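Novice: Can you look at this prediction? I've put the sequence above it.
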Amino acid sequence: MRVTSIGHAGLLLETAAGRIVCDPWFTPAYFGSWVPFPDNTGIDPGLLAHADYLYVSHLHRDHFDPDWLKRHMAKDVTVLLPDYPVPHLRDALAGLGFHRFVQTRNDKVTELDGGLRVLISALVSPTDGPIGDSALVVDDGRVRVFNQNDARPVASGPIEELGPLHAHFLQFSGAIWYPMVYDFPERMKRTLGQRKRLNGMARALGYIEQYRASHVLPFAGPPCFLDEDLFHLNDFGQDDTNVFPDQFAFLDFLREQGRDNAQLFLTGTTVELTPDHECAVTQIPDEEIERIRDRRPYLLAYQEKTQPVIDRILGELPQDRSDLVGRLKEWVEPLMRTADHTCAGVNGRVLLDVAAVDGGDDEAIVFDFLSREIVAHDGRPFRHRFRAARPLIERLVRDRVEDWVNELFLSCRFEASRSGPYNEFVYTFFKSLSQARMAYVEGYYAESSGVEEYALADGHVVQRRCPHLNADLVRFGTVADGVLTCRLHGWEFELATGRCLTSDDRKLAVRPQEPLDTPLGEADAAYPRIAGAFPTDPVNGNAP
């Protein structure tokens, strides 16, 4: 098997049974702040366009590059889909014209043509990526490789059971905005940065020890920051407080830990893996490696080349003002009203400080998770504060971007402060600004709480959460002719049996309604009713 780095988390896997392109990323991401490092613009798109398979691990824009995929990738390629409970990745790829999909099952081997076997481990916590992250094992019958990219598998067993791994490709560097954007004292920032850097490399070492591959190929980071406002975020000299260590720093770390099976794997590097676990490396020229190692001159030249692209991205942002409070109230307040677990988790107010550019006044907007409303700041205290330039916020609001984490926060183009520790519910909320995402997040938290929830539907007690994506059926369900339909995605269930009429791998928990379920005069005392489910009251025959 031959594996070539095409930049960042991008791989070209060439086997006797087919070629797989993984996570091709070439376009500056997150409002132009992240750029592939090293420069991968020299990769010929023609080498990738007509691969047999495409694997996009998740929707973070340093893995999913819609501009490049739309322009260059052949649309009849077979897409390997992780087993995500929400269809956003498939929908995004279908929207670009891809139409051949192989839906894998989580941690299960899928047999492809020519004897190629793949296993995709899908992570589905709301905190994983943009609600989902994944890793890929490829086995061509002779060689097995594990493309972990920046996924963080927690379960052990399925991957190890496939047999010894010949190569392990994994992330080691930061992909975060913490602690750089926070208004912590500088000394505290440096201490936190040092801890974050070491923790990231130690976590990668833990995965290396878990999977015990013969060869380790670090990749999937760091990006580089070429816009002048962010240029200081780069690690220019193995600064032990910078959360973006490069491969040279990580390889030094591994050697310090007694590990000698890791290879430098930069853009353009190719490795040939054999069944007897040999690894032949075809490295890029030594002079190019030295240029990359000497970061500052390399990045300055790269910056000059890339700045027009970044300027174009930023120049396309809105330059006028709109009624942000009104737009957010219309869009986000309905989501907050359904987000019981999320609002309870935030349990406070979040201030969005919209910074004016080129004159004008700043605007302070409060997301109040106590009253579940969005209002202009009236002086009341808040627990979290985010400050960003108005054009960025205008773009997010006008386009109703459902994932601010995968746009604003990862861009590092904002400032933050908080009272108290990190709160995952805040960031989960800002990556879930759509009906489908919020329904999934709420269902996930409800399921994780261990509390069973039920509802009444046409003479039956049914589970309150849809078995498809955990949508609240009290809000999204309707009943007609003995069939309960979840309006969020149109899934149907037979009330008499709980059988799913849409798919054969889901079932609704259901039982006949008993008198004690709805005491006379207190029809909703035990369980809430699903909207539209009762033409007459099942207990006393009166209209509800």
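Specialist: On my side now, so go ahead.
Novice: these two touch, right, Thr338 and Phe476?
Specialist: No: assessed by Cβ atoms under 8 Å, Thr338 is found out of contact with Phe476, at 9.5 Å. Every C-beta, even on glycine, is put in place using the N, C-alpha and C of the backbone.
Novice: List the buried residues of stretch 13-26.
Specialist: For stretch 13-26, the neighbour count (16 or more other Cβ atoms under 10 Å) marks 13-15, 17-26 as buried.
Novice: Let me see the mean pLDDT of that stretch.
Specialist: Per-residue pLDDT over stretch 13-26 has a mean of 97.
Novice: okay, how far is it across that stretch, tip to tip?
Specialist: Chord length of stretch 13-26, first to last residue, is 18 Å (Cα to Cα, to the nearest Å).
Novice: got it, and stretch 385-404?
Specialist: First-to-last distance for stretch 385-404 - Cα to Cα - comes to 14 Å.
Novice: Tell me how far that stretch lies from the chain's centre.
Specialist: 18 Å (Cα atoms, centre = their mean, to the nearest Å).
Novice: Run the chain-centre distance for stretch 250-262.
Specialist: 29 Å.
Novice: Let's see the distance spanning that stretch from one end to the other.
Specialist: First-to-last distance for stretch 250-262 - Cα to Cα - comes to 10 Å.
Novice: contacting residues for Ile284?
Specialist: Going by Cβ atoms under 8 Å, 6 or more residues apart in numbering, Ile284 touches 266-269.
Novice: possible to save those as CSV with secondary structure, neighbour count and pLDDT?
Specialist: CSV is the format used below for the contacts of Ile284 (DSSP: H, G, I helix; E, B strand; the rest coil; neighbours: other Cβ atoms under 10 Å; pLDDT from 0 to 100):
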residue, secondary structure, neighbour count, pLDDT
Leu266, coil, 21, 98
Thr267, coil, 22, 98
Gly268, coil, 19, 98
Thr269, coil, 19, 98
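Novice: still on that earlier bit, between the buried residues of stretch 13-26, which is nearest Leu119?
Specialist: Closest approach to Leu119 among those (Cβ to Cβ): Ile20, at 13.1 Å.
Novice: Is the closest one bridged to anything, and to what?
Specialist: Counting by DSSP bridges, Ile20 is bridged to Leu13, Tyr53.
Novice: list the contacts for it?
Specialist: Contacts for Ile20 (Cβ under 8 Å, 6+ apart) come out as 11-13, 51-55, 80, 138.
Novice: so what does the helix or strand bottoming out on mean pLDDT in the chain touch, helix or strand wise?
Specialist: For the chain, the helix or strand with the lowest mean confidence is helix 473-476, at a mean of 84 (criterion: mean pLDDT, DSSP states H and E). With contacts defined as 3 or more Cβ pairs under 8 Å, 6 or more residues apart in numbering; DSSP states H and E, helix 473-476 has these neighbours: strand 454-457, strand 483-486.
Novice: swap the cut-off to 6 Å and go again
Specialist: Under the contact criterion of 3 or more Cβ pairs under 6 Å, 6 or more residues apart in numbering; DSSP states H and E, helix 473-476 touches no helix or strand at all.
Novice: Give me the contacts around stretch 331-347.
Specialist: For stretch 331-347, contacts defined as Cβ atoms under 6 Å, 6 or more residues apart in numbering pick out 369, 372-374, 400, 425-426, 429, 438, 442, 445.
Novice: Now do the strands in the stretch 201-350 of the chain.
Specialist: Listed in chain order, the strands of the stretch 201-350 of the chain (DSSP state E, counting those that start in this stretch) span 215-218, 270-273, 279-282, 349-355.
Novice: Could you find the closest non-adjacent residue to Gly18?
Specialist: Nearest residue to Gly18 in three dimensions, chain neighbours excluded: Asp52, at 3.7 Å (Cβ to Cβ, 6 or more residues apart in numbering).
Novice: pretty sure that neighbour is touching Val21, no?
Specialist: No: in this structure Asp52 lies outside contact range of Val21 using Cβ atoms under 6 Å: 9.0 Å.
Novice: Tabulate the CA atom coordinates of the least confident helix or strand of the chain in CSV.
Specialist: In CSV, the C-alpha atoms belonging to helix 473-476 read as follows (Å, rounded to 0.1, in the frame of the first residue of the first chain):
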residue,chain,number,x,y,z
LEU,A,473,-42.2,13.8,19.5
VAL,A,474,-44.3,16.0,21.7
ARG,A,475,-43.1,18.8,19.5
PHE,A,476,-42.5,17.1,16.2
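Novice: So what's the gap between that helix and the chain middle?
Specialist: In terms of Cα atoms, centre = their mean, the centre of helix 473-476 is found 26 Å from the chain centre.
Novice: Please apply the same query to stretch 442-458.
Specialist: The answer for stretch 442-458 is 24 Å, by Cα atoms, centre = their mean.
Novice: how about that stretch: buried residues?
Specialist: Residues 442-446, 453-458 are the ones in stretch 442-458 that count as buried (16+ other Cβ under 10 Å).
Novice: avg pLDDT for that stretch?
Specialist: Here the average pLDDT along stretch 442-458 is 82.
Novice: Next, the distance between the ends of it.
Specialist: Using Cα to Cα, first and last residues of stretch 442-458 are 25 Å apart.
Novice: before we move on, what about stretch 383-398?
Specialist: Across stretch 383-398, first to last residue, Cα to Cα, it's 26 Å.
Novice: Contacts for it next, please.
Specialist: 317-318, 324, 327, 348, 350-357, 404, 414-419, 426.
Novice: Any of the residues you listed buried? List them.
Specialist: Buried by 16+ other Cβ under 10 Å: 317, 324, 348, 350-355, 404, 414-418, 426, out of these.
Novice: Which two among those are spaced furthest apart?
Specialist: Spatial extent of the buried ones among the contacts of stretch 383-398 (Cβ to Cβ) is set by the pair Leu317 and Gly348 at 29.8 Å.
Novice: Take the buried residues of stretch 13-26 and write them to TSV, including distance to Phe37.
Specialist: Output for the buried residues of stretch 13-26, formatted as TSV (distance: Cβ to Cβ, whole Å):
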residue	distance to Phe37
Leu13	22
Glu14	24
Thr15	28
Ala17	32
Gly18	29
Arg19	25
Ile20	23
Val21	20
Cys22	18
Asp23	15
Pro24	15
Trp25	11
Phe26	12
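Novice: Looking at the residues you listed, which two lie furthest apart in space?
Specialist: Ala17 and Phe26 (26.7 Å).
Novice: Okay, now the unreliable bits of this structure?
Specialist: 154-155, 450-451, 505, 515-526, 531-544 (pLDDT under 70).
Novice: Now do the buried residues in the helix ranked longest in it.
Specialist: Determined from DSSP state H, the single longest helix within the chain is helix 186-211. Going by neighbour count (16+ other Cβ under 10 Å), the buried part of helix 186-211 is 189-190, 192-193, 196-197, 200-201, 204-205, 207-208, 211.
Novice: Check stretch 468-484 too.
Specialist: Neighbour counts over stretch 468-484 (16+ other Cβ under 10 Å) mark 468-477, 479, 484 as buried.
Novice: So which residues of the stretch 51-200 of the chain form helices?
Specialist: Secondary structure of the stretch 51-200 of the chain (DSSP state H, counting those that start in this stretch): helices at 66-72, 88-95, 186-211.
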